[in-house]
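# Turn this into a model:
(4 chains)
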Number of protein chains: 2
Amino acid sequence: MAPAPPKTAISAPEKLRADARRNREKLIEVAALAFAENGVETSLEDIARRAGVGIGTLYRHFPTREHLVEVVYRRELESLAAAAAELSGKHPPDVALKEWMLRFVGYIAAKRGMANSLKILMNSNSSLFAEGTGIIRRALDELLKTAAEQGLIRNDIETVDLLHALSSIYSMPDSPEWRDRSHRLIGLLMDGLRRGSNSG
Amino acid sequence: MAPAPPKTAISAPEKLRADARRNREKLIEVAALAFAENGVETSLEDIARRAGVGIGTLYRHFPTREHLVEVVYRRELESLAAAAAELSGKHPPDVALKEWMLRFVGYIAAKRGMANSLKILMNSNSSLFAEGTGIIRRALDELLKTAAEQGLIRNDIETVDLLHALSSIYSMPDSPEWRDRSHRLIGLLMDGLRRGSNSG
DNA sequence: CACATAAACGGAGGAGCCTCCGCTTAATCT
DNA sequence: AGATTAAGCGGAGGCTCCTCCGTTTATGTG
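Alright, predicted model coming up:
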């Protein structure tokens, strides 16, 4: 029996010709927009068109719709995680934490419309989901640790619990007030986090 | 809030024009064959063609592929259940029971190839699955009861346990011997069932 | 039987999926 | 720089999906 090839090609661009890499990036970029606008059911031909490449090129890079969705999804999570480090460099730890939570919540809210499609994806590739939450958890973990070390927040908080609290806005009705609500939620959480810290 | 309409139109043909009913029946019949041959992914246009109707007619009767699959699936289970009564009329209870088990096993085996598609269907409409197992369970229940009453088999057997034992061939590799194996399995089960009966 | 009419038919058409393969071009070699 | 070549491109083409609507027909009525 031949050894099974890896089940998912985890977006390993490696050695691509310059034009190929350009097209690939452009496709991911356009796809991210399109998915956000119209959900993961958006026509692939449309994405190719908007990216200015032929449909054949799209399919060469991403053999199935799922491949493309997966890469886009991973990108977004990674950039969300990267934002944590970036914010840490620009703000005091507690402010960085709050800012990041705001971004997180915004990201989650944007995904609300495609809940169904996402669930299907997660179902068919649950390792992706596990990986995704791992990435995010580590980012938040780092933010919490830094803030706690400087005594700006308490240090007895479980990262996953906070993550869970934040994720609750996912199930919020799609009203125009979601932004206000989520801001209040984050304010509340920050208050709770500061309570009991050295400085509180 | 308006009362939600029934989620699945449980194949209620009711008052259809004669030609409409004919077409509907023909479509179901052809679809059953096609699904058995090529799985539930068979082209719907092909099914319409083979049934001698236009594609529009197919879609009028079955708005989605799932509707069609559901109706076919239910038909098959119902006819399997009906076979129980029929066999009871033709054979002594224990023979009827054995015959029916053979049919059941044959039916299950036929579905093995489309395990994946079926799982998807079940997922999206689990009440259908529940109903299906209910129908079958009742049929087997009746067979067991009759045979037990006449002292041909023991009476301390749980229907669901027997059903479970029979279903095990579902996971049998698709070898050419599956028929022999399933016959041996049924022989074994029958022996077990007779053991401890009044006549044994 | 003939007529009216609502029910049902059916297939053209627009859109998307995905593959295949002749053409283009970036990268490499001399 | 020019030649070589394989990596990459892209869109035509074959297929399916599903809708829409002009045409046909079953059926109840006079």
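
# Contact residues of chain A facing DNA strand D?
Within chain A, the residues that sit near DNA strand D (C-beta under 7 Å from any atom of the strand) are A:16-17, A:19-20, A:23, A:53-57, A:59-61. Any C-beta I mention is one placed from the backbone N, CA and C, and that applies to glycine too.

# List the buried residues in the longest helix along chain A.
The longest helix of chain A (DSSP state H) is helix A:65-90. Residues A:65-66, A:68-74, A:76-77, A:80-81, A:83-84, A:87-88 are the ones in helix A:65-90 that count as buried (16 or more other C-beta atoms under 10 Å in any protein chain shown).

# does that helix come close to DNA strand C?
Yes. On the criterion C-beta under 7 Å from any atom of the strand, helix A:65-90 is in touch with DNA strand C at A:Arg65.

# what are the ranges of the strands in chain A?
With DSSP state E as the definition, chain A shows no strands.

# Does A:Ala96 touch A:Ala83 like I think?
No. Here A:Ala96 does not reach A:Ala83: they are 9.5 Å apart, not a contact under C-beta atoms under 8 Å.

# still on that earlier bit, name the helices or strands packed onto the longest helix of chain A?
In terms of contacts (3 or more C-beta pairs under 8 Å, 6 or more residues apart in numbering or on different chains; DSSP states H and E), helix A:65-90 is packed against helix A:18-38, helix A:44-51, helix A:93-111, helix A:115-124, helix A:126-149.

# show me what contacts the spatially most central residue of chain A?
Closest residue to the average C-alpha location of chain A: A:Leu77 at 2.6 Å, with C-alpha atoms, centre = their mean. With contacts defined as C-beta atoms under 8 Å, 6 or more residues apart in numbering or on different chains, A:Leu77 is in contact with A:Gly132, A:Ile135, A:Ile136.

# can you put those in JSON lines and add distance to DNA strand C and pLDDT?
Supplementary listing: these in JSON lines, determined by distance: C-beta to the nearest atom of the strand, whole Å; pLDDT from 0 to 100:
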{"residue": "A:Gly132", "distance to DNA strand C": "23", "pLDDT": "89"}
{"residue": "A:Ile135", "distance to DNA strand C": "27", "pLDDT": "95"}
{"residue": "A:Ile136", "distance to DNA strand C": "29", "pLDDT": "96"}
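
# Show me which of those residues is closest to A:Met122.
A:Gly132 (8.9 Å; C-beta to C-beta).

# returning to that earlier point: from the helices and strands packed on helix A:65-90, which stretch is densest packed?
Most buried of the helices and strands packed on helix A:65-90 by mean neighbour count (mean count of other C-beta atoms under 10 Å in any protein chain shown) is helix A:93-111; its value is a mean of 19.

# Give me the contacts around that one.
Under C-beta under 8 Å, 6+ apart, the answer for helix A:93-111 is A:36, A:76, A:80, A:83-84, A:87-88, A:90-91, A:118, A:136, A:139-140, A:143-144, A:146-147, A:149-150, A:152-153, A:166-167, A:169-170, A:172, A:178-179, A:182-183, A:185-186, A:189-190, A:193-194.
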